[in-house]
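Engineer: Next one to model:
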Amino acid sequence: MNRENTRTVKAKRAVYVCTDTIDERNILIETVYPKLEDYCHKAYGSEFQYSDMRWGVQNIALDDHSTVDVCLQELDRCCKLSLATNCIILLSHRYGSRMLPAIISKHIFDPLREAATADNNFLLDEWYQLDENPLEPVYVLQPISSILPSHDEQKNWNKIQETMLTSLRKAANICLQQKTITQDEHDDFFISVTAKEIYRAIINNKTAYQTNRILCFMRDIIDIEDHLSDKHVSKYTELEQEPKQLLYELKKVLQTTLDPSNIKIFKVKWANLKNRENYLQYFADEFYATLKTQIDQCLLQLQNQVKQSLTDSLDAEILEHAIECKTLVSRFYERNDILEKIKHFIQSDETRPCVIYGESGCGKSSIMAKVAIQASQWYSNPSSVSVIIRFFGFTPSSSDIRKPLLNVTQQIIKIFGIANIQIRDGDSQQLKEQLERVAELIPLDKQLVLLFDSIDQLQITDCDCKWLPLSFPSNVKCILSTIPKIEANDKEIDILLALKDLLNDKPHLFVEIPKLEKQTALATFDSWLKKDKRRLTSIQNEWVKDRMDQLYSLTPLVLSLIYDLTLSWHSYDKKINKEFNSIKQTRDAIKYLYDTMGTKHGEVLFRRSIRYIQLFGGVSKNELEDVLSIDDDVLQSVFQHYLPPINVFRLPGTLWTRIQNDLNKYLVERDIDGIPCIYFYHRSFQEYKPKDVGKLVLDTNEQALLEKNRIELYADCWNGGQLKPYQVLSKLVAKYHLSVSTIQTNRVVSSQGPLILDRKKKLYNKRKIDQLILNIARYEAAHPHTIYNYTFMRAYLSYYKLDDLLKTFSMRPLDSSGKLTALLIIFEMLREKLNKYPDNYAFELSALEQEDSGKHDSVLTFPYPQATRAPCDCENKTFRIDDNYVPEIFDAIKIPGTYTFVHTKYENNFRGDNYLLCTNERTIYIYEWKCEQLNENDDNTYIHGYCLLSKFDIDLTAATISSAVFRIDHRDGITIFCALTNGELRKYNGTMITFPVSEYHPVQIDSLISHLSLQNDNAITLDISKLQLTVWSFIDELSIRKIIALDNVIVHWNRHIRIWNMNDADKEPINVGYADLYTISSTCLVKYKASTNSITLYNMVYKLKGIITLKYKCDHLCLNESGEYVFITNMEHSLLYMYRVDDGTQVGKLFIENMTGEIQASRDYLLLSLTNPNRLYVLMISNSKQQRPNRRKEDVKCDLLETNEWMDYHKDNCQWITC
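Structural biologist: Numbers count the residues shown, from 1 in each chain. Take a look at the predicted model:
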């Protein structure tokens, strides 16, 4: 099978854009590329990728001068991967930027230097240094910042570069005449970057068929020669004759190489703005139509050439593992001792599996790949041998052992032509037995080698290896590889021990891969140098040997990392980096690599790129560039000196490509959900976490932000022209003369496609589903786009079982409102039905809410309360169910169902909500309802809405509900007392359905209840004779914890504080509310509530109230004798706070070590105790005598006993505002 054909039909549409124009480039990014991405996604189920390597880069000459090489490497990648158009050229009247070569061979540089003038030699010697690490020495252009460290100095670089370029061109002309350099070597100093790309694209597309994959669009400003005096004309045309001639020759090459139909010429005029706008739109339309046609032609032709079998999931899986095998073999180093042991096993009569084990990074996968290549040569008849290899965890289908067991069995049947056997899916034990039966059917004159790599990459439940057949036929050999132990969910899993138990701990069945011997490692290192045509200086060799001696474990992975770090060394480097000397294990080497890359590419950009690859579990180039463009922190780190156009405000593509090129060896590309995704080739990179505590904390704190960006990308929050705010750096606000620092920007984010691609064909966007569901239990930001979204749930249940979703939420999810847990309870009730009939999702969910009603509530796209609302001025009707909504519209609030009792009075600790309790014979319902004015200018139009909060049945058959009362509280949820016809009084807690309904033991009452009411946590009953009134307490905590009597006030504290006014005994007590701690003086009461971490101050003379939110937990509090100040202690941070009661101002804060927390205060002194040493501290309240103006009681307009809010506290200006 052809690797590229198979993968490309599926996913490859990579186009390199070679351009030196700006307007055309911007309109392509803004409007055309998104349309092509959407088309490719819908028509072929894959990505359209484009690479514009110079868009958004303010100065093409980046610090390390790598731009040209990066551009050419990316062009090569596009030409290799794309089977449709792979290069698009946009040309006008400019030849393009010409830059200094980053590297000049010594045999070229030496004669050039001799031919150059002495003045210019000084510049060349300063900027070019000889590097003898390559076997053919070269002169390396030094990074700009190494000689011009400040940003202001770097502005002079263009002038310095032009001076050196002029000198080198003159010298090149002399050397060409003297025949000391060739014509091609001479031309390298004259050619532009754009021309290099065009010539490279032509070389990469040699045949007539291939050249058809290059498109050229030329802009011809027909009157530009008439406007050469315009001050802006140099941006659009060359003014010197030499580049004009080079451009003419370049266009001539294109006209003779490309088919005329592939060259589009657009004629425009210089100063006609309307003509320019029309041209850009016409250009965009032509570009889209031309490229779309080429994509269709190439891919339809290719699909006809490729056999249908290649679209089969089994063949696709086999191919992915074969490609990985080839990649790993290229990284193999000689381990003949290990190969000999495996060869001995394969040639033996052993029927049990063999296990290869070793620490992470020891080279297990490379050895398994090498065995796959060589195994057939170890048999007398190589043609009779077949090899099946699976790299567990490498593809989405190879992490759950059931899928590899099934497709390996299918592959055996296909290889050996086994007929008359039916293959069925099942659990791991059934699939194990099925594999054993099929293996017995392999012809005896045929041989099979089964290779299962990286058992540790399987799901945790599969690491016990009970799925593994313990014996195979004599012509089948099975080899596995694993690391000995893994950690998961804070628990250690010993895979090797499990395998030894299964295989009776037979030593010859276990092959350990030891750490590398130093001599073997040095020999391997030298072979790599020879292959790359490099050498190390004597001091560099000592650096490497010293590192090998200091390593805890010398593995192929860490050896490879150290070698790659030396590729950036130069012979003129005289000092070793201190970080390199600290490498003692794989993680240290990765840290050094990442630190080096962070310095080179920008710390924020590089670190976020790596974190996103880890979070996504594999990410495509488009996805990564899009999510980095959403990330404001990344953009602010990049756009420090300039701003891109606000309508194309995104990360320049070249920045990620440069990183990818530098990390190329450690990244692989695999198809995930039909998309080519970038992934780490070794788990050590995927699992890497910084050892530095500061960076580890930073990564942890950033996790939620990065997950939010990932979710918003897949929820399509910022595509389709949606504008995202961007905070501009202050220096750029001044530079661009902006009136505001926050601007609205178009990030030009690609659409991730609809969740449902084709309802009739049952095609769904699995990539989008998988990414939206990822980590859903940990981040509430995902819930509106997933579990609360009807379309998502409909698509999800088409791919997965509801069991899978419930399993995702098995650990307690984040759920601040309680609505999620309520929905999960409903899902649990519907689990069996929806697992079997997922198409009934809408019906089952809506029907469950009102089982006894002919008309049901609705499943909603948006979570309550945005959706269950309807204007009152319409007729009562039900709208149809469509793809996006399942709404039901009411002309007024109408709750379906048959109820025998409705109760609306309840105790509620928060305002603005309305609740109903409804019962029928044995069922209790709690509803929340709202009625809101639709338009403040229209008094006649209102919106009603309701939501079922709780529902449960009374588990009795002989009794029914006679009456019920309830209370609502954010802390305790829903508390319900109900009287039954059998004389029982029962209490239930619904707790906003955050937890299952709990029932307290019923109380048997002497006679039937005629009246039931609720006062705080007490139920009050009146018997049927109306002679006996009883108060029932169901909560142990209601025992009185403290009673304090003052002159005119009694304070009673159980869980809530109540205040009785002794002068007005007829009035009911004031319920101050819940308090964890409180203190009181003759004039004030202060309570502390831990759930909000705030104190509330009550002035009982002036009848005022204020709230102060605390920074830290309050352990103890007290008022001084006069009630002027409140004191608070925090034990954890050893802090004592002092607040003035009159205005809530913090007037003091002390650090006092070893406090017990207990404090008491008189009028002028504060006492507190210490634990070590045992002492009593006495502090004088120094400003207690500074009396503040007295507030007159007649100024207070509210009555203490008739208002809920005595006083509000304004945070901004610390003013107390009376009611």
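Engineer: Let me see the contact set for Gln1160.
Structural biologist: Residues in contact with Gln1160 (Cβ atoms under 8 Å, 6 or more residues apart in numbering) are 1118, 1166-1168. For every residue, glycine as well, the C-beta is placed using N, CA and C.
Engineer: Same check on Thr745?
Structural biologist: Counting by Cβ under 8 Å, 6+ apart, Thr745 touches 646-647, 649, 723-726.
Engineer: which of the contacts of Gln1160 are buried?
Structural biologist: By neighbour count, with 16 or more other Cβ atoms under 10 Å, the contacts of Gln1160 hold 1118, 1166, 1168 as buried.
Engineer: Arg352 in helix, strand or coil?
Structural biologist: Under the three-state scheme (DSSP: H, G, I helix; E, B strand; the rest coil), the conformation of Arg352 reads as coil.
Engineer: distance of it from Asp633?
Structural biologist: Taking Cβ to Cβ, to the nearest Å as the measure, Arg352 and Asp633 are separated by 54 Å.
Engineer: Would you mind telling me which of the two has more residues around it?
Structural biologist: With neighbours defined as other Cβ atoms under 10 Å, Arg352 and Asp633 compare such that Arg352 has more, 19 against 15.
Engineer: for the stretch 1001-1150 of the chain, what are the low-confidence residue spans?
Structural biologist: Of all residues in the stretch 1001-1150 of the chain, those with pLDDT under 70 make up the ranges 1001-1056, 1058-1070.
Engineer: what's the pLDDT at Leu328?
Structural biologist: On pLDDT, Leu328 comes in at 83.
Engineer: That one is in contact with Lys364, isn't it?
Structural biologist: No: with the criterion set as Cβ atoms under 8 Å, Leu328 and Lys364 do not qualify as a contacting pair; they are 9.9 Å apart.
Engineer: how about CSV for the contacts of Gln1160, with distance to His107 added?
Structural biologist: Rendered in CSV, the data for the contacts of Gln1160 read as follows (distance: Cβ to Cβ, whole Å):
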residue, distance to His107
Cys1118, 87
Leu1166, 86
Leu1167, 89
Leu1168, 83
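Engineer: Which of those fall in strands?
Structural biologist: 1118, 1166-1168 (DSSP state E).
Engineer: Run through the bridge partners of the closest residue to Tyr1177 other than its chain neighbours.
Structural biologist: The shortest distance from Tyr1177 to any non-neighbouring residue, by Cβ to Cβ, 6 or more residues apart in numbering, is to Leu1168 (5.0 Å). Partner residues in beta bridges with Leu1168: Ile1159, Tyr1177, with DSSP bridges as the criterion.
Engineer: List the residues that contact Leu1168.
Structural biologist: 1129, 1136, 1152, 1155-1160, 1176-1177, 1179.
Engineer: Could you check how far it is from Lys326?
Structural biologist: Distance, Leu1168 to Lys326, by Cβ to Cβ: 73 Å.
Engineer: ok, and the closest non-adjacent residue to Lys533?
Structural biologist: On the basis of Cβ to Cβ, 6+ apart, the spatially nearest residue to Lys533 that is not a chain neighbour turns out to be Leu135, at 4.6 Å.
Engineer: Mind listing what's buried along stretch 724-732?
Structural biologist: Here stretch 724-732 shows 724, 726, 728, 732 as buried, counting by 16+ other Cβ under 10 Å.
Engineer: With stretch 760-769 instead?
Structural biologist: 764-769.
Engineer: So Met1138: helix, strand or coil?
Structural biologist: Under the three-state scheme (three-state DSSP), the conformation of Met1138 reads as strand.
Engineer: Gly1144 is in contact with that one, correct?
Structural biologist: No: Met1138 is not in contact with Gly1144 according to Cβ under 8 Å; the separation is 11.9 Å.
Engineer: Give the rounded mean pLDDT of whichever strand or helix holds Val70.
Structural biologist: Mapping Val70 onto the secondary structure by DSSP states H and E places it in helix 67-81. When the per-residue pLDDT values of helix 67-81 are averaged, the result is 85.
Engineer: Summarise which helices and strands it is packed against.
Structural biologist: With contacts defined as 3 or more Cβ pairs under 8 Å, 6 or more residues apart in numbering; DSSP states H and E, the secondary structure elements packing on helix 67-81 are helix 3-11, strand 14-19, strand 49-51, strand 87-91, helix 193-204, helix 653-662.
Engineer: okay, the angle between that helix and strand 87-91?
Structural biologist: For helix 67-81 and strand 87-91, the angle between their directions (axes from the mean of the first three to the mean of the last three Cα atoms, to 10 degrees) works out to 130 degrees.
Engineer: Tell me the buried residues in helix 67-81?
Structural biologist: For helix 67-81, the buried set under the neighbour-count rule, 16+ other Cβ under 10 Å, comprises 67-68, 70-79, 81.
Engineer: Among the buried ones among the contacts of Gln1160, which one sits closest to Lys801?
Structural biologist: Proximity of those to Lys801, judged by Cβ to Cβ, is greatest for Cys1118, which lies at 58.4 Å.
Engineer: Tell me the spacing between Ile214 and Val15.
Structural biologist: Distance from Ile214 to Val15, by Cβ to Cβ: 10 Å.
Engineer: shared neighbours, those two?
Structural biologist: Applying Cβ under 8 Å, 6+ apart, one finds that Ile214 and Val15 are jointly contacted by 85-88.
Engineer: Most widely separated two among these?
Structural biologist: The widest separation within these (Cβ to Cβ) is 8.7 Å, between Asn86 and Ile88.
Engineer: What is the neighbour count of Glu334?
Structural biologist: A count of neighbours around Glu334, defined by other Cβ under 10 Å, yields 12.
Engineer: should've said Asp692
Structural biologist: 12.
Engineer: nearest residue to it other than its sequence neighbours?
Structural biologist: Lys591 (8.0 Å).
Engineer: One more: His570?
Structural biologist: The spatially closest residue to His570, leaving aside those adjacent along the chain, is Asp131, at 4.4 Å (Cβ to Cβ, 6+ apart).
Engineer: The one you found bridge partners, please.
Structural biologist: Val138.
Engineer: What residues does it make contact with?
Structural biologist: Under the criterion of Cβ under 8 Å, 6+ apart, the neighbours of Asp131 are 137-140, 570-572.
Engineer: Show the buried residues in those residues.
Structural biologist: Members of the contacts of Asp131 that pass the buried threshold by neighbour count (16+ other Cβ under 10 Å) are listed as 138-140, 570-571.
Engineer: Met1100: which of those is nearest?
Structural biologist: Ranking those by separation from Met1100, with Cβ to Cβ as the measure, puts His570 on top at 79.9 Å.
Engineer: you'd agree that closest one is up against Asn133?
Structural biologist: Yes: at 6.0 Å, His570 and Asn133 qualify as touching, with contact defined as Cβ under 8 Å.
Engineer: Quick check: mean pLDDT of stretch 272-292?
Structural biologist: Averaging pLDDT along stretch 272-292 gives 86.
Engineer: and what of stretch 374-386?
Structural biologist: pLDDT averaged over stretch 374-386 gives 94.
Engineer: Please save the CA atoms from it in PDB.
Structural biologist: The C-alpha trace of stretch 374-386 is given here as PDB (Å, rounded to 0.1, in the frame of the first residue of the first chain):
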ATOM      1  CA  GLN A 374      14.200  -8.900  11.000                       C
ATOM      2  CA  ALA A 375      12.000 -11.700  12.400                       C
ATOM      3  CA  SER A 376      11.400 -13.400   9.000                       C
ATOM      4  CA  GLN A 377      15.100 -13.700   8.500                       C
ATOM      5  CA  TRP A 378      15.400 -15.900  11.600                       C
ATOM      6  CA  TYR A 379      13.300 -18.700  10.000                       C
ATOM      7  CA  SER A 380      14.500 -21.200   7.400                       C
ATOM      8  CA  ASN A 381      11.700 -20.100   5.000                       C
ATOM      9  CA  PRO A 382      11.300 -16.300   5.400                       C
ATOM     10  CA  SER A 383       8.400 -16.200   2.900                       C
ATOM     11  CA  SER A 384       6.200 -18.300   5.200                       C
ATOM     12  CA  VAL A 385       6.500 -15.700   8.000                       C
ATOM     13  CA  SER A 386       4.000 -13.000   8.800                       C
END
